[in-house]
Every structure is written in structure tokens, then in C-alpha cells.
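>>> Predicted coordinates and the sequence they were generated for:
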Amino acid sequence: MVQFVETDVTSAAAQELLGEYFAERAVGFPPEQGAYQPTFPLPEHFTAPAGQFLLVVDAADEVGGGELLGCGGIRRIQRADAGLVRFEVKHLYLRQGTRGRGLGRALLTELERRAEQLGAEEIVLDTNASLESAGQLYRRAGYADIAAYNANPNATNWYGKRVG
């Protein structure tokens, strides 16, 4: 049974998964774009009501614990035109052996649900074109291409969708 467990981004489990995520991205980052630039999330951005950070945990055979499968977060960000309440999906990551089982979609859905509970009217995210599966996941979940809303040096694509 997979569970989504809210945690502080500074927890040992969150740091372990984020470290893996950043290391994997650095190795697979397109060389023509330069070096991957990791940015660890700030706790105040991922603590309600500003946001949340979730662990994906397989707790099927364990009581009070379980195997870490992945992570992801949402955080409120300002919209340039001060329009809709905008939240951003960040650091959506699943470990290698867990991919292809629908967990990415389940995690994205849970993050969207929680963003809506915190008042989101729009959810945005950025990604890199080299992450083809991620782009497919977002498009299938109803995200559409939008103009760049940040200056993330690791991003090549920006997506958004209305919620609520």
C-alpha cells in the first residue's frame, strides 16, 4: 500500500531523496545546457499554508515505517500579474525501480489535491525537455504549455493548469 506522508524538507528521508534526485539530474542533464544547478527547497516554502512536501512510502509490509519510493512538493508562488492563487509543483521524483507503475500520476494528483486545499486556483511547474516521461505525465494530467514564469536555468519547458 502506497502512502503520501507529509514531512519537513529538512528531514533525513526528504534529504536522502532530494540528494538522489539532484544527482540523477546532474548525470542525465543535457551537456549543451551546461551544468545542472540543484537548489534544495527552503522549509518555509513547503510548510502549510505556504506549501507541503510529501514522501511516497510503500508501507505494505511494515507498521510505522516503509520503503521510500519518492517525493514531491507544492509551494505557493506569486503570479506576475497578481491574478490567480498560483502553486508550483517541485521536485517530483520517483526512484528508478518504482517508475512505470502509475506512482508519478498518483503523486501529482495528491499534490494537486493538497494545493487546492490550500487555495490554489492555478498550478504550474517547470521541467526539462530531456525528461520526456515527465512531459508526457504533465500533458496527460491536463497541463498546457505556458510562458516561462521563472528563470530556472535547468528548465526548458513550463506548464500550467487551472484548478478549483
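Ah, there it is.
>>> which residues in this protein form helices?
Taking DSSP state H as the criterion, the chain carries its helices at 12-28, 103-117, 132-140.
>>> Who are the packing partners of the first one?
In terms of contacts (3 or more Cβ pairs under 8 Å, 6 or more residues apart in numbering; DSSP states H and E), helix 12-28 is packed against strand 51-58, strand 67-77, strand 86-94. Quick note: C-beta positions are derived from backbone N, CA and C, even for glycine.
>>> Would you mind giving those as JSON lines with mean neighbour count and distance to Glu6 added?
Listed next are the helices and strands packed on helix 12-28 as JSON lines, based on neighbours: other Cβ atoms under 10 Å; distance: least, Cβ to Cβ, whole Å:
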{"stretch": "strand 51-58", "mean neighbour count": "23", "distance to Glu6": "6"}
{"stretch": "strand 67-77", "mean neighbour count": "22", "distance to Glu6": "10"}
{"stretch": "strand 86-94", "mean neighbour count": "22", "distance to Glu6": "14"}
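>>> now those in a markdown table, with mean pLDDT?
Below are the helices and strands packed on helix 12-28 laid out as a markdown table (pLDDT from 0 to 100):
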| stretch | mean pLDDT |
| --- | --- |
| strand 51-58 | 97 |
| strand 67-77 | 97 |
| strand 86-94 | 97 |
